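Novice: Sequence plus predicted model, see below.
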Amino acid sequence: GNSVTQMEGPVTLSEEAFLTINCTYTATGYPSLFWYVQYPGEGLQLLLKATKADDKGSNKGFEATYRKETTSFHLEKGSVQVSDSAVYFCALSEGGGYQKVTFGTGTKLQVIP
Amino acid sequence: NAGVMQNPRHLVRRRGQEARLRCSPMKGHSHVYWYRQLPEEGLKFMVYLQKENIIDESGMPKERFSAEFPKEGPSILRIQQVVRGDSAAYFCASSPTENQPQHFGDGTRLSIL
């Protein structure tokens, strides 16, 4: 079956530091890949997505590249802000039908001033 | 344009009672998905519904849990005879078509005493 593995948190960074959150996946086909962000007490918001190999998703300074050869979709940001503190979920869905999304366990990011 | 609305935000039940969770999808969205998030875990797919139809309930426990999405009104996730292990955050998502990204509500946090 499908699965998503992401690095455990919490990740604590100082403001303006570089962020990497690792994510690898296992899928039987050619999935679409997503990063969702969850702020405290809220639901998940789609942060970015990539639908095929070598695609780069980007939004709000975050980016991630779909690497089929390493089955990875690592999230990066060059300079984090305190407002980026949240839980980040890597996820995938199989193509060709409805999006039954498989989520990773989430990585909590804490950015300190 | 209102997002996905879930209510209540918090629900407390005693063991053996029934819990009803409601989800109103975004306007124009006819596809609804329910997920469960246990503490410190990622979201797990439970059920996918279109108007009046259950399309995939492979993630939902066979007993005590049921879901519906009537022609009029919100989608309902119903848990009968709740047990402590049902304590979790339950998220609803909706999409306009089956192949478009899901938009999430803020969740219902269910606590069983």
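Specialist: That came through, no problem. Residues are numbered from 1 along each chain as shown, chains lettered A, B, ... in the order given.

Novice: So which bits of chain A are right by chain B?
Specialist: Applying C-beta under 8 Å from any C-beta of the partner chain, we find that chain A lies next to chain B at A:4, A:34, A:36, A:41-46, A:49, A:89, A:97-106. Quick note: C-beta positions are derived from backbone N, CA and C, even for glycine.

Novice: Okay, now the sheet partners of the helix or strand bottoming out on mean pLDDT in chain B, with direction.
Specialist: None of the helices or strands of chain B scores lower by mean pLDDT, DSSP states H and E than strand B:103-104, at a mean of 88. Strand B:103-104 has the following strand partners under DSSP bridges: strand B:88-95 (antiparallel).

Novice: now could you export just the CA positions of the strand it pairs with as CSV?
Specialist: As requested, the backbone C-alpha atoms of strand B:88-95 are provided in CSV (Å, rounded to 0.1, in the frame of the first residue of the first chain):
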residue,chain,number,x,y,z
ALA,B,88,-9.5,12.2,18.2
ALA,B,89,-9.8,15.1,15.9
TYR,B,90,-12.1,14.4,13.0
PHE,B,91,-11.6,16.4,9.8
CYS,B,92,-13.8,16.9,6.9
ALA,B,93,-12.6,18.0,3.5
SER,B,94,-14.4,18.8,0.3
SER,B,95,-13.6,19.2,-3.4
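
Novice: follow-up on the earlier one: by contact count, what packs against the helix or strand just after the least confident helix or strand of chain B?
Specialist: Beyond strand B:103-104 on the C-terminal side, the first helix or strand identified by DSSP states H and E is strand B:108-112. Using 3 or more C-beta pairs under 8 Å, 6 or more residues apart in numbering or on different chains; DSSP states H and E as the contact test, the elements touching strand B:108-112 are strand B:10-13, strand B:19-24, strand B:88-95.

Novice: If you average pLDDT over each of those, which is lowest?
Specialist: Lowest mean pLDDT of the helices and strands packed on strand B:108-112: strand B:88-95, a mean of 94.

Novice: ok, now how distant is the spatially closest residue to residue A:103 that is not a sequence neighbour from residue A:14?
Specialist: Residue nearest to residue A:103 in three dimensions, not counting chain neighbours: residue B:42, with 3.8 Å by C-beta to C-beta, 6 or more residues apart in numbering or on different chains. Plainly put, residue B:42 is 27 Å away from residue A:14 if you go by C-beta to C-beta, to the nearest Å.

Novice: before we move on, what about residue A:29?
Specialist: The span separating residue A:29 from residue A:14 equals 40 Å under the rule C-beta to C-beta.

Novice: The residue nearest to the spatial centre of chain B: which element?
Specialist: Residue closest to the average C-alpha location in chain B (C-alpha atoms, centre = their mean): residue B:34, at 3.8 Å. When elements are defined using DSSP H and E, residue B:34 is found to belong to strand B:31-37.

Novice: can you list the weak-confidence ranges in chain B?
Specialist: Counting by pLDDT under 70, the ranges of chain B that qualify are B:1.

Novice: which bits of it sit near chain A?
Specialist: Taking C-beta under 8 Å from any C-beta as the criterion, chain B approaches chain A at residues B:4, B:6, B:31, B:33, B:35, B:40-45, B:48, B:55-56, B:91, B:93, B:95, B:98-107.

Novice: repeat that with 7 Å
Specialist: B:41-43, B:45, B:48, B:55-56, B:91, B:95, B:98-99, B:101-102, B:104-107 (C-beta under 7 Å from any C-beta of the partner chain).

Novice: In PyMOL, how would I select just the buried ones from those?
Specialist: Entered in PyMOL, the line below selects the buried ones among the residues of chain B next to chain A, by 16 or more other C-beta atoms under 10 Å in any protein chain shown:
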select buried, chain B and resi 42+43+45+48+55+91+95+101+102+104+105+106+107
